[in-house]
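Novice: prediction below, plus the sequence it came from.
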Amino acid sequence: MTKRERLLASVRHGAIDALPWQFDLTSAVARKLVAYYGTDDLREATGDHMVWGGFGEPRGHVSEPAPEGMYRNEFGSVWARTARDLTVGDWGELVDYPLKTPSLDGYAFPDGAAEGRADGIPGVRAAYPDHFLTLGMPGLFEPAWALCGFENYLGYLMGEPKFVEEMTVRLADYACAVVAQAEGMGADGVRFGDDWGFQDRLMVRPEVWRRIFKEQYRRIFEAARKIGLVVMIHSCGNITDIVPDLIEVGCEVIHPLQPEVMDVEWCAREYGKDVAFWGGLGSQSTIPLGTVEDVRREVSHWLSLFADGGYVLAPAGAAPADTPVENVVAIVEEARAQLG
């Protein structure tokens, strides 16, 4: 099987010759692996089954300028990524946002249907015909708080629910229109990113999530499935309470399944026939802090648990910057050993 065929078969619970694997790597860990393997082609060196594509800004779009060292996205949110951030990972920091009050009056949402957003996808498909091509997309929570500021947005969820509902519908409209442009481009799946979880629970009450967000997720998932894409969601933290809801509205793959905060074995037993899981290797525990033997043991356990498919082996989040390179190499070796 090609990597593309293997990953697609696994997430669709079909026949496989081995479980597929994938790596999210911080830039610091990527540099360690380049030195270890002696090549910049880490996808080939690790056997990673996935390649990433995405949606750009429309043709001819010019963002408003941002201060030096910062980036202003199409929504008007301004982000920075400093040397400090790169010591722990590659995550940036929101430094400014366009909505200073809970109102959309006077704010112009980006046009999701503007042409040219998918122009880069065919080139990725042509360069990696045997890999599973995943498109990255924002969801409904993270772009919303980036419009308002995180603390403000959490307050609006409780105090200004009508505003949040209106913004959520508009974000879903945008997502549906953007995803539609991927039709016929050769992509295999789309991963929507929204970190909903604290370490022990959702950031909002499950009933609030269901009332405001559930049906809008159904809309964007249906838009993706309509054009043949596997629907995936990324959400760090403990999202156990809404796993059945995500399944109900059409999510096919849940990432990253953090073992430090979710019971992986219980999730596999309870939901493994209805959804595929992607991740599971401890990025807050085993990968950065364990021995090589600990890592091999954990990889072997998950490969055994999901032996019948419905799984993509991967770190539960990008391997942290302080991860020993030997621990990542151990994952690669155990994954490759499936194929002899």
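Specialist: Yes, it's here. Numbers count the residues shown, from 1 in each chain.
Novice: tell me the buried residues in stretch 246-266?
Specialist: Going by neighbour count (16 or more other C-beta atoms under 10 Å), the buried part of stretch 246-266 is 246, 249-259, 261-262, 264. To be clear about C-beta, it is placed using only N, CA and C from the backbone, and glycine gets the same treatment.
Novice: quote the end-to-end distance of that stretch.
Specialist: Stretch 246-266 stretches 17 Å from its first residue to its last (C-alpha to C-alpha, to the nearest Å).
Novice: over to stretch 55-65?
Specialist: 21 Å.
Novice: need the per-residue pLDDT for the residue nearest the centre of the chain.
Specialist: In the chain, the C-alpha nearest the mean C-alpha coordinate belongs to H234, at 3.8 Å (C-alpha atoms, centre = their mean). Note for H234: predicted pLDDT of 97.
Novice: following the helix ranked longest in the chain, which helix or strand comes up?
Specialist: Within the chain, and with DSSP state H defining each element, the longest helix by residue count is helix 161-180. Note on helix 161-180: by DSSP states H and E, the next helix or strand toward the C-terminus is strand 189-193.
Novice: before we move on, the earlier item: among the buried residues of stretch 246-266, which are located in strands?
Specialist: Here DSSP state E is the test, and these give 253-255 as lying in strands.
Novice: quick one: buried residues of the longest helix of the chain?
Specialist: For helix 161-180, burial by neighbour count (16+ other C-beta under 10 Å) applies to 163-164, 167-168, 170-180.
Novice: over to stretch 322-340?
Specialist: With burial defined by 16+ other C-beta under 10 Å, the residues of stretch 322-340 counted as buried are 323-325, 327-332, 334-335.
Novice: what mean pLDDT does that stretch get?
Specialist: Averaging the model's pLDDT scores along stretch 322-340 yields 97.
Novice: from the buried residues of helix 161-180, which is closest to K214?
Specialist: Relative to K214, the closest of these is T168; by C-beta to C-beta it sits at 10.3 Å.
Novice: my guess is that closest one contacts Q216, does it?
Specialist: Yes: counting by C-beta atoms under 8 Å, a contact exists between T168 and Q216, whose distance comes to 5.2 Å.
Novice: what's the overlap in contacts for those two?
Specialist: Overlap between the neighbourhoods of T168 and Q216 consists of L140, taking contacts as C-beta atoms under 8 Å, 6 or more residues apart in numbering.
Novice: can you give me the helices for the stretch 51-200 of the chain?
Specialist: 83-86, 121-127, 142-148, 150-159, 161-180 (DSSP state H, counting those that start in this stretch).
Novice: pipe the ones you listed into JSON lines and attach distance to M50 per row.
Specialist: Converted to JSON lines, the helices of the stretch 51-200 of the chain look like this (distance: least, C-beta to C-beta, whole Å):
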{"stretch": "helix 83-86", "distance to M50": "23"}
{"stretch": "helix 121-127", "distance to M50": "11"}
{"stretch": "helix 142-148", "distance to M50": "21"}
{"stretch": "helix 150-159", "distance to M50": "29"}
{"stretch": "helix 161-180", "distance to M50": "18"}
